[in-house]
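[1] Quick one, what's the 3D model for this:
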Amino acid sequence: MTDACDVAHGGAPVEIEHRTLVAVFDSPVAGFLVRYATDLGYAASIYEPGEPLPTLDSSCDVVVTDHHREELGVVLKDVLAFPVRWVGVLGNPRHEGPHVRLLTELGVSEEDIARVHRPVGLNIGSRTPAEIAIATIAGLIADRNSRPGGFEFKV
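    A predicted model of the protein is given here:
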């Protein structure tokens with residue numbers, strides 16, 4: 001058996017670096033994100049504005065789960081002040097995300113605005129909050145492992 005087979009069959013432990021996931025805004029998708037991320041070994045939590053923003057570091061992935069909230073720009077500006085590993089906003093890829101205008105109006109640099117990913121996750125045709133969470137988590141795992149996601153396999 002190969003090392004990967006040993007891990008898949010429970011015969012070998014797998015070393016996973018510390019991972020943190022913060023789902024911004026308490027939403028159905030956020031609930032599933034936290035549930036699935038916890039199962040995958042992330043320290044996962046939901047952040048709702050009005051609470052203190054948790055300390056965010058380079059192990060942290062931040063997913064904004066509602067692009068309609070009025071606090072979107074301010075929350076993203078605050079998040080971008082930290083050296084987070086990855087930050088993204090859920091939303092339809094056919095429309096420009098409102099975060100671009102909001103962050104520009106708040107004086108955030110183009111370089112920092114470009115750190116915000118949209119859309120997020122793998123394109124699997126997600127329709128339900130649970131499916132959106134699965135696609136998002138799969139995309140984060142692919143990104144962490146420098147893989148393209150989908151069915152393109154990089155050797």
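[2] how about Pro54, what does it touch?
    Counting by C-beta atoms under 8 Å, 6 or more residues apart in numbering, Pro54 touches Val22, Ser45, Tyr47. Backbone N, C-alpha and C define where each C-beta goes, glycine included.
[3] Regarding the residue nearest to the spatial centre of the chain, what are the backbone dihedral angles?
    Nearest to the geometric centre of the chain sits Val63, at 3.8 Å (C-alpha atoms, centre = their mean). Backbone torsions of Val63, given as degrees, to the nearest 10, read phi -120, psi 120.
[4] For it, name its beta-bridge partners.
    Beta-bridge partners recorded for Val63 (DSSP bridges): Ala23, Gly88.
[5] right, and it touches His117 too?
    No: applying C-beta atoms under 8 Å, one finds Val63 not in contact with His117, separated by 9.2 Å.
[6] and for those two, which residues touch both?
    Common neighbours of Val63 and His117, counting by C-beta under 8 Å, 6+ apart, are Val87, Gly88, Val89.
[7] Just the closest of those residues to His95, please.
    Using C-beta to C-beta, Val89 comes nearest to His95 of those, at 11.6 Å.
[8] Against Tyr47, how distant is the closest one?
    To Tyr47, Val89 is 14 Å away according to C-beta to C-beta, to the nearest Å.
[9] possible to save the contacts of Pro54 as JSON lines with neighbour count?
    Putting those into JSON lines (neighbours: other C-beta atoms under 10 Å) gives the following:
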{"residue": "Val22", "neighbour count": "25"}
{"residue": "Ser45", "neighbour count": "16"}
{"residue": "Tyr47", "neighbour count": "22"}
